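Trainee: From the sequence below, what's the structure:
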Amino acid sequence: MNTFTSHDQNNAPEAAKPLLEKSLKGFGMIPGLHAVMAEAPGLLEGYQVLHALFLNSSFNADEKTVVWQTINVEHNCHYCVPAHTGISQSMKVADEVSNALRDETPLPSARLEALRDFTLAMLRQRGELEEKQVQDFYAAGYTRQNVLEVILGLSQKVMSNYTNHVAHTPIDEPFKQFAWDKKSSR
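Mentor: Numbers count the residues shown, from 1 in each chain. The predicted structure is shown next:
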């Protein structure tokens, strides 16, 4: 049951109003996640900043999607998996990549699979990786910068996934077609 308020420009705390305006301009709507986060303007602002920073990371669209969706699926986020499915389509990510992430099946390349494995290790082991895990990531063609960018993406997704869990954020209308249920456990 959602006991959190979905804010808009009329009922949001003053500090959140310009942040919601930014969301409206960027997405053409106020995503439900942003409407809930507006209750704590610092959370919404932090999320928006991390989102912009991750979008400007060195990862390409497929890689960004792998990081985001790997975390969303692992966290079993009913809201973010559908939302990022729609976002991945707008970023021209192949359905083959998106479906493999949603269904936890093999990705179409060893490099993307290495990114998923590394992201899962970072998440599950809370950053306490074994040297071999880091070296395997480098062997797949990734860099120290990419290690840190996975942490950036993870930080962003913790904010959204946890908010959606406690608030039971309703899925936005444009993303309902991508509704999702966790099928397996890797």
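Trainee: Going by C-alpha atoms from here, please, whenever you check contacts or count neighbours.
Mentor: Will do.
Trainee: SS state for Ile171?
Mentor: Secondary structure, DSSP: H, G, I helix; E, B strand; the rest coil: Ile171 is coil.
Trainee: residue contacts, it?
Mentor: 32, 78-79, 82-83 (C-alpha atoms under 8 Å, 6 or more residues apart in numbering).
Trainee: so what pLDDT did it get?
Mentor: At Ile171, the predicted lDDT confidence score is 96.
Trainee: Could you give the number of residues near Gln177?
Mentor: With neighbours defined by other C-alpha atoms under 10 Å, the count for Gln177 comes to 13.
Trainee: The closest residue to it other than its chain neighbours is in what secondary structure piece?
Mentor: Leaving aside its sequence neighbours, Gln177 sits nearest to Pro82 (C-alpha to C-alpha, 6 or more residues apart in numbering; 7.8 Å). Element membership of Pro82, judged by DSSP states H and E, is helix 80-90.
Trainee: Identify the residues contacting that helix?
Mentor: By C-alpha under 8 Å, 6+ apart, helix 80-90 touches 61-62, 65, 68-69, 72-73, 95, 98, 102, 160-161, 171-172, 174-180.
Trainee: thinking Trp68 is in contact with Gly153, fair?
Mentor: Yes. Trp68 lies in contact with Gly153 (C-alpha atoms under 8 Å); the separation is 6.6 Å.
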